[in-house]
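Engineer: sequence below, structure please.
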Amino acid sequence: MGLLVDKVGVLFCLIRGGLVLMGRLLSYARYNLKQKWRFIYFELDLEAGSLSALKVNESIVIRIAEKKDISGIEADIYPFMRPENENDKRYISRIGENSFKCFIAEKEGKIIHYFLVFEKALESPLMQTPFYKEKTCDSDAYLGSAFTLPSARGLWVMPCVLKEIIIFLKNNTNATRVLVLVHEDTVGAVAFFSRLGFSVMNDACPSNPIASLAYKLGILGKK
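Structural biologist: The predicted structure follows:
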């Protein structure tokens with residue numbers, strides 16, 4: 001009887017492992033065959049844009065996270081993160097490295113928002129998207145993932161953080177332009193970034209996997 005139970009347990013583990021693997025493969029295929037071709041890319045000229053007209057929420061403290069803040073982000077933010085934010089955890093665990101900055105917003109001592117910022121777009125997750133690399137230069141910065149607690153939405157958190165990021169990039173880096181992408185299904189994203197002075201980059205990437213392959217093979221001309 002014990003041997004039968006052991007075999008059932010092993011079979012159950014194999015089935016569960018297979019289902020997990022299948023789910024990951026389906027997610028990978030969905031992203032690479034469909035989702036990543038539906039990004040909209042924006043740019044902001046740092047020499048022209050300042051976001052100085054944005055109102056500021058005085059109750060929110062915005063700063064660059066330090067290594068000691070990792071545990072606070074894990075406690076305050078992680079329980080509310082969506083599956084699409086899971087990849088951010090590998091960057092959050094590396095806060096303090098020079099390759100990127102993590103801006104956080106706090107309200108009453110609790111972390112309510114984070115925003116990943118890469119001073120070098122050429123060394124950022126942007127390079128893992130279909131974005132035409134020829135459209136990027138060494139003075140481009142990249143705005144990565146951001147997340148706001150559901151309870152803090154409506155407090156004007158993200159625009160306030162964006163304002164501080166722009167000030168930081170202008171005063172502390174050699175960046176002259178900021179790039180950011182959003183998924184076309186993100187409600188209000190185009191209007192949001194447009195209001196802040198960002199411009200949509202037309203023809204920023206191939207439209208589908210076949211066009212991307214043709215581009216890599218040189219069948220399609222360089223953009």
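
Engineer: before we move on, which element is the residue nearest the centre of the chain in?
Structural biologist: Geometric centre of the chain, nearest residue: Ser145, 2.1 Å, by C-alpha atoms, centre = their mean. Following DSSP states H and E, one finds Ser145 within strand 140-148.

Engineer: my read: the residue nearest to the centre of the chain touches Glu86, true?
Structural biologist: No - counting by C-beta atoms under 8 Å, no contact exists between Ser145 and Glu86, whose distance comes to 10.4 Å. Where C-beta positions appear, they are placed from N, C-alpha and C, glycine not excepted.

Engineer: roughly how far apart are Ala48 and Leu181?
Structural biologist: Here the criterion is C-beta to C-beta, to the nearest Å. By it, Ala48 lies 20 Å from Leu181.

Engineer: who's more crowded, those two?
Structural biologist: Legend: neighbour count by other C-beta atoms under 10 Å for Ala48 and Leu181, higher for Leu181 (22 against 9).

Engineer: for Ala204, see how far away the closest residue to the more buried one other than its chain neighbours is.
Structural biologist: Among residues not flanking Leu181 along the chain, Phe39 sits closest, at 4.6 Å (C-beta to C-beta, 6 or more residues apart in numbering). Between Phe39 and Ala204 the computed distance is 8 Å (C-beta to C-beta).

Engineer: more neighbours: which of those two?
Structural biologist: Summary of the neighbour comparison: Phe39 and Ala204, criterion other C-beta under 10 Å, with Ala204 having more neighbours (20 against 17).
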